[in-house]
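Peer 1: below is the sequence, then the predicted model.
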Amino acid sequence: MKKRMWDKIVMPIKNKDHLLTGKRYEASVPDTLDLTDRAEFAINALTGIINEKQNYECLWRWKYVPLTLFHHSNEWNDSNPRSIEALTLLRLVTGSNYKLAVEETMLDSVFSRIGDDGLFYNAPYRPDAPWRSGGYARVKTWRTDEDYSSVPGSAQLLIALLARYQAEHDSRLLKHAEKLVAALLRIAVYKDDYAYYPMTTETGFDCGYFKKTGWPDTKEPLNEFGSPEGCVNPYYAIILRALSRWYALTGDKKAIETARKLTGYMLKPNMWLGNIQNWGTETFRVWSAHGGLQRRPAALFKGHVVGLTYTLHGLIEYARITNNAYLKEFVRQGYEHIRNFGLARIGMYGENIANNLMAAVAIRLSDAGVGDYWEDVDQHVRNAMVEDQFIDAGMLREISREKDLPGEYGEWSIERLLGALRHDGGFGPHWVLDPTNNGTEASVYVEPFYYVWESITRYNKENGYVNLLLNRVSPWCDIDSHLPYEGKVTLHNKTCRTLSVRMPKWVDKTVVTCRINDKEAPFFWTGNYMTMVGLYGREKITIKFPMVERVEEYYLLKYEADSLWYKEIDSLPRYVLHMKGNTCVKVEFPNKENFTVGREKWPDYARPVPEGYPVYQRDRYRKKSAPLKEKTRYVAPLVVDW
């Protein structure tokens, strides 16, 4: 097996408290956004969803008010592997061992369902868990006489094991991963120069492989809608990402060849039907003025936006690892296309899965050299990512009391599940986004908290890079960010000989100042990065610039709106964003009531959520200087590739 760099520099860790090996120190720091704090809340939710009475299955979704659980037939296959990945990564961020024993037992429960053939199989059927045989949304039950594997679930488990192996270097993890890879390669259907996994639509669940009898059919999906979920490529993208990550770790050429063939299937034109034709007749006139017809193939789609973010995440990971320039450009186009379907200024596209994975795709586009997408990441993390998270148990309890509703559900409580994210952010038959109200429905798709945290600062051969002006500590440099109160960032250099710090696009480069150890210091610009050289590793670097405040107005267009959309402006959702730098201090939705007319006739899923957990209540950020707080900081001894 090919050795990677981390095999040489990280020794195997023997004890179960491996995540507490980083250094801690006390410091007075700005009381501004710190993803370490958010990761602590996420760990609480991730360990809270583990159901010790039902095979340590991880809950999919719930409401805080009234506290209500929503089980999903796929939660064992999806929630458990994702929770393993997220807990592994977020414990690296925080050094937390909170409920570590429960997590380890959950991991053992998952391992017990890995078959001799290497696949990860369903949780045992049992009367008190009827959702385990329920089909998507329980609209169709399936046979229970034989165990089955959700193949994307097996792939998600592979991703989790690879992350955990990098953190622990436990050879048992690698052996499980190796068996999973062998199974994924063995059960793929190979045809011509592409490969696919049957979607098994008629069984009621996606990519279901039975333990004894194998695939119930080997039908090839005809288009992107050919699955019980209503989208095909997202499931393949999870497998693609898993095989690509395995190749990056081991150099396994068979795995990356199957990944290449799977990509060949995912890029088939019938999987990207496009939706531009529905934007209105006037659009055609605009095209003709610019040279005529659309280019194909193109990363345009009609499908599930959440699913497409999964798709792009898998494709960009394969493209980055294999240096596939064509595919990098394809993903860039799809990413830019999705940005038109939401409030990109605050990173909001609907469900929290889409919100957070868009940030992950933006990071990987930047890593792959496609462009500088750090601005998108910054806008997202300062807004939708953190505003989606429920962190105030007192507020949720108060809402419960006002409505005379319970805050407990058996052994479950608001506090046990605190730290999850708003599940989605829309309402109505056409799913109008509502950034003013979180409701109280939640789920835990928090892996991207680590993805963003890891990317804040990076280090390579004595060269340090700061991509995001957020608080972060590391072995090479600590960052104290005073944003958005004031334009001030202090860097405590430890080992860097050069430091390159990216400035957001709203910053006026001509008035940026830099002082090293309280003396004015020179720097130069490379693109959006200001670079300081000749450092020796023990400097205090202070960067200052003026903050910029703006009030911005945005509309969401209906598909049927034509190029003269502004003539229909009164019928469109209107949003007013009060921005300070890239931080939204306040959101207004002045004509929200226009889009709730007739709601009593809407299906339950489309109705506006009752007013609940408030968001963007951030008047404190209008102050001119950041308050300070005393904090124990944790320096993660290593990072893992994701």
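Peer 2: Received it, and whenever you're ready, just let me know what you need.
Peer 1: please count neighbours and contacts with C-alpha atoms only from this point.
Peer 2: Noted.
Peer 1: what about the strands in the stretch 1-150 of the chain?
Peer 2: 23-30, 50-51, 57-58, 61-64, 67-70, 148-150 (DSSP state E, counting those that start in this stretch).
Peer 1: next one: the second one to chain centre, how far?
Peer 2: Its chain's C-alpha centre and that of strand 50-51 lie 22 Å apart, by CA atoms, centre = their mean, to the nearest Å.
Peer 1: tell me the strands beside that strand, with direction?
Peer 2: If you go by DSSP bridges, strand 50-51 pairs up with strand 57-58 (antiparallel).
Peer 1: residues in contact with the strand it pairs with?
Peer 2: Ile49, Ile50, Asn51, Glu75, Trp76, Ser79, Asn80, Ser83, Met106, Ala123 (CA atoms under 8 Å, 6 or more residues apart in numbering).
Peer 1: which of these lies closest to Val381?
Peer 2: Ser83 (20.4 Å; CA to CA).
Peer 1: who's in contact with the closest residue in space to that closest one that isn't next to it in sequence?
Peer 2: Take Ser83 and drop its neighbours on the chain: the residue closest to it by CA to CA, 6 or more residues apart in numbering is Leu46, 6.3 Å away. Leu46 sits next to Ser83, Ala86, Leu87, Leu417, Ala420, Val444 when contact means CA under 8 Å, 6+ apart.
Peer 1: the first one: neighbour count?
Peer 2: So the one you mean is Ser83. 27 (other CA atoms under 10 Å).
Peer 1: measure it to Leu312 for me?
Peer 2: 21 Å (CA to CA, to the nearest Å).
Peer 1: pLDDT score for the residue lying farthest from the centre of the chain?
Peer 2: Relative to the centre of the chain, the most outlying C-alpha is that of Lys519, 40.5 Å out, by CA atoms, centre = their mean. What the model reports as pLDDT for Lys519 is 97.
Peer 1: again with Tyr559
Peer 2: For Tyr559, pLDDT reads 58.
Peer 1: just to revisit the earlier point, okay, who's weakest in the contacts of strand 57-58 by pLDDT?
Peer 2: Glu75 (91).
Peer 1: excluding chain neighbours, what is closest to that residue?
Peer 2: For Glu75, the spatially nearest residue (CA to CA, 6+ apart) is Trp60, at 5.5 Å.
Peer 1: how about Gly534?
Peer 2: Using CA to CA, 6+ apart, the closest residue to Gly534 is Arg497 (5.9 Å).
Peer 1: do the same with Pro546
Peer 2: Pro546 sits nearest to Gly487 (CA to CA, 6+ apart), 5.4 Å away.
Peer 1: need phi/psi at that neighbour.
Peer 2: phi -80, psi 80 (degrees, to the nearest 10).
Peer 1: again, but for Arg260
Peer 2: Dihedral angles for Arg260 - degrees, to the nearest 10 - are phi -60, psi -40.
Peer 1: so what's the residue count around the residue nearest to Pro546?
Peer 2: Neighbours around Gly487, by other CA under 10 Å: 21.
Peer 1: ok, Lys629 - how many residues close by?
Peer 2: Residues near Lys629, counting by other CA under 10 Å, number 11.
Peer 1: buried residues of the host helix or strand of it, list them for me.
Peer 2: If you go by DSSP states H and E, Lys629 is part of strand 628-635. Residues of strand 628-635 classed as buried by neighbour count (16 or more other CA atoms under 10 Å): Arg633, Tyr634, Val635.
Peer 1: also stretch 161-181?
Peer 2: Within stretch 161-181, judged by 16+ other CA under 10 Å, the buried ones are 161-169, 173-174, 176-181.
Peer 1: in helices, which of those fall?
Peer 2: Using DSSP state H, the members of the buried residues of stretch 161-181 that fall within helices are 161-168, 173-174, 176-181.
Peer 1: gap between Trp642 and Tyr209?
Peer 2: Distance from Trp642 to Tyr209, by CA to CA: 27 Å.
Peer 1: show me which of those two is the more surrounded one.
Peer 2: Tyr209 (24 against 20).
Peer 1: who does the more buried one form a beta bridge with?
Peer 2: Applying DSSP bridges, one finds that Tyr209 bridges with Ser149.
Peer 1: now swap in the one 5 residues further on and tell me
Peer 2: Beta-bridge partners of Gly214, counted by DSSP bridges, are Phe210.
Peer 1: about what we covered before: the buried residues of strand 628-635 into JSON lines, with extra columns for distance to Phe390 and pLDDT?
Peer 2: As requested, the buried residues of strand 628-635 are exported to JSON lines (distance: CA to CA, whole Å; pLDDT from 0 to 100):
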{"residue": "Arg633", "distance to Phe390": "23", "pLDDT": "97"}
{"residue": "Tyr634", "distance to Phe390": "23", "pLDDT": "97"}
{"residue": "Val635", "distance to Phe390": "26", "pLDDT": "97"}
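Peer 1: of the residues you listed, which is the nearest to Thr263?
Peer 2: Relative to Thr263, and with distances defined as CA to CA, the nearest of the buried residues of strand 628-635 is Val635, at 38.3 Å.
Peer 1: report the contact partners of the closest one.
Peer 2: Here Val635 is in contact with Gly22, Lys23, Arg24, Val473, Ser474, Pro475 (criterion: CA under 8 Å, 6+ apart).
Peer 1: I'd like these as a markdown table, with pLDDT, distance to Ser154 and neighbour count appended.
Peer 2: A markdown table is the format used below for the contacts of Val635 (pLDDT from 0 to 100; distance: CA to CA, whole Å; neighbours: other CA atoms under 10 Å):
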| residue | pLDDT | distance to Ser154 | neighbour count |
| --- | --- | --- | --- |
| Gly22 | 91 | 31 | 18 |
| Lys23 | 94 | 35 | 13 |
| Arg24 | 95 | 36 | 13 |
| Val473 | 98 | 34 | 20 |
| Ser474 | 97 | 33 | 22 |
| Pro475 | 97 | 34 | 16 |
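Peer 1: reformat these as JSON lines; add distance to Thr213.
Peer 2: Formatted as JSON lines, those follow (distance: CA to CA, whole Å):
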{"residue": "Gly22", "distance to Thr213": "48"}
{"residue": "Lys23", "distance to Thr213": "52"}
{"residue": "Arg24", "distance to Thr213": "53"}
{"residue": "Val473", "distance to Thr213": "52"}
{"residue": "Ser474", "distance to Thr213": "50"}
{"residue": "Pro475", "distance to Thr213": "52"}
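Peer 1: pLDDT weak spots in the stretch 151-300 of the chain?
Peer 2: Applying pLDDT under 70 to the stretch 151-300 of the chain flags residues 273-297.
Peer 1: now the strands for it?
Peer 2: Counting by DSSP E, counting those that start in this stretch, the strands of the stretch 151-300 of the chain are 189-191, 194-196, 208-210.
Peer 1: could you count how many residues lie near Asn356?
Peer 2: 28.
Peer 1: okay, buried residues for stretch 26-38 please.
Peer 2: Val29, Pro30, Asp31, Thr32, Leu33, Leu35, Thr36, Arg38.
Peer 1: need the pLDDT of Lys601.
Peer 2: Looking at Lys601, the pLDDT reads 69.
Peer 1: going forward, begin numbering at 366 instead of 1
Peer 2: All set: I'll call the first residue 366, so the last point we hit is now Lys966.
Peer 1: packing partners for the helix or strand where Ile728 lies?
Peer 2: If you go by DSSP H and E, Ile728 is part of helix 717-732. Counting contacts by 3 or more CA pairs under 8 Å, 6 or more residues apart in numbering; DSSP states H and E, helix 717-732 is packed against helix 670-687, helix 690-704, helix 739-745, helix 812-821.
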